[in-house]
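Participant: Need a 3D model of the sequence below.
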Amino acid sequence: MDNLYRPMQTIMQGGDNDKKRELTMSCVKLGLMLITYRVLTSVMASVFYMTAYAVLSGNIAGYNESVNGLVNDYDAVLRSTSFGMLMNSAVTLTSLILTLLLGSIVLGFSFEGYLRPNADGAKKGLRFFPACFMLNIVFSLMVNLFTEAMSTVGVTIPEADFSIKEPSAAAVVFQFIYLTIIAPLVEEIVYRGMILGALSKYGEVPAIVFSALCFGLMHGNIPQATAAFFTGLAYASLAVSSRSIMPSLLVHSLNNLLVDMEELGSSLNIPYISTVTAAVQVAVAAIGVYIMLTRYSYFRHDGENALPGKGEVAKVIYTMPVIIVYLLMLVWSVIEGILRVN
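Facilitator: Predicted coordinates:
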């Protein structure tokens, strides 16, 4: 019997090794694409500044001269909401397109169907949006308490600022388009479609957690990173259950719209917008509490992994050099933001 068992054991070990090699290659491709996207956003931001200066001044110049020229001669334009939102839109979309071309042509990367439209996924997104929004509110409030506590001891924690500096119709339109359409689309393709497409077949839970971690750190500041991590867990759970980013894309867009609703309404001088926004947010959050209490099991996922042994898939992911480099890039952006304001 022992002699019969050993060949079977050898076959099983061989299968495990094949799966580990597949996972390793998927991590390499994924890490390269994530790093590429990160680097491209910096490069394309520089290109945007140079292009903006050339358009405004009529002179073609290098990066430093362009930035100095914008600061000295076009400071009002540089600080405007329209400029900021237009820049964010152009930079993220261009970087995403170039990253997808690299992944498709050079690396042969596959999203495993996560980018396909999914009608059932859209319905699921609408159904579970209140629960995701409730999580965002709860963890945002908790982080606000932390940042206030840190400020009392002289440490400033930077936060994202999406306030519209000089209200205008153009500013409202650009901010609405970026926050509710472009940012959710780009971020869902990168942090759900790309990551889940590469990793979920090896283990749903490790893929969901890694996706949420990258999504949180990507925001570059502790308040957003913390709230985005926990909501990212919910977003990724919805995407994995549908094998599509459609539900998480819809939830993401609605969340951004509801969070920014007061700012957009105030800029358009809509009466009682603060009261209306607060009432809507409270109502949605209350519905979210009910959904979490009655549908909590929906966010649980298959704990089976392609590799035997507890934590083996996660171990492969977090020990890959290319993944470590990417995570260090994200962590450094958070640290750099804190150092810059203190």
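Participant: Okay, the nearest residue to N342 once chain neighbours are set aside and S104: tell me how far apart.
Facilitator: Nearest non-adjacent residue to N342, counting by CB to CB, 6 or more residues apart in numbering: T156, 5.5 Å away. Heads up, the C-betas are built off the backbone N, CA and C, glycines and all. According to CB to CB, to the nearest Å, T156 stands 42 Å off from S104.
Participant: before we move on, what about L293?
Facilitator: 43 Å.
Participant: Name the residue in these two with the higher neighbour count.
Facilitator: The neighbour comparison of L293 against S104 (other CB atoms under 10 Å) goes to S104, with 13 against 9.
Participant: what number of residues lie near S140?
Facilitator: S140: 17 surrounding residues under other CB under 10 Å.
Participant: Quick one: residues contacting the closest residue in space to it that isn't next to it in sequence.
Facilitator: Excluding the flanking residues, the one nearest S140 by CB to CB, 6+ apart is A227, at 4.6 Å. Counting by CB atoms under 8 Å, 6 or more residues apart in numbering, A227 makes contact with 135-136, 139-140, 143, 216.
Participant: Redo those as CSV? Include distance to P247.
Facilitator: Shown next, in CSV, are the contacts of A227 (distance: CB to CB, whole Å):
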residue, distance to P247
L135, 15
N136, 16
F139, 20
S140, 21
V143, 25
G216, 19
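Participant: so F139 makes contact with L233?
Facilitator: No: using CB atoms under 8 Å, F139 is not in contact with L233; the gap is 10.6 Å.
Participant: middle-most residue in the chain, spatially?
Facilitator: Against the mean C-alpha coordinate of the chain, by CA atoms, centre = their mean, the closest residue is F215 at 3.7 Å.
Participant: Wasn't that residue part of a helix?
Facilitator: Yes: the assignment for F215 is a helix, going by DSSP: H, G, I helix; E, B strand; the rest coil.
Participant: show me what contacts Y191?
Facilitator: 211, 214-215, 218, 232.
Participant: Mind doing that once more with 7 Å?
Facilitator: 211, 214-215, 218 (CB atoms under 7 Å, 6 or more residues apart in numbering).
Participant: how much space between the residue lying closest to it once chain neighbours are set aside and L102?
Facilitator: The shortest distance from Y191 to any non-neighbouring residue, by CB to CB, 6+ apart, is to F215 (4.2 Å). To L102, F215 is 21 Å away according to CB to CB.
Participant: Okay, helices next: where are they in the stretch 51-200 of the chain?
Facilitator: Assigned by DSSP state H, counting those that start in this stretch, the stretch 51-200 of the chain shows helices spanning 63-73, 75-79, 81-101, 119-152, 169-177, 183-188, 195-199.
Participant: quick one: buried residues of the first one?
Facilitator: Read that as helix 63-73. 66-67, 69-70 (16 or more other CB atoms under 10 Å).
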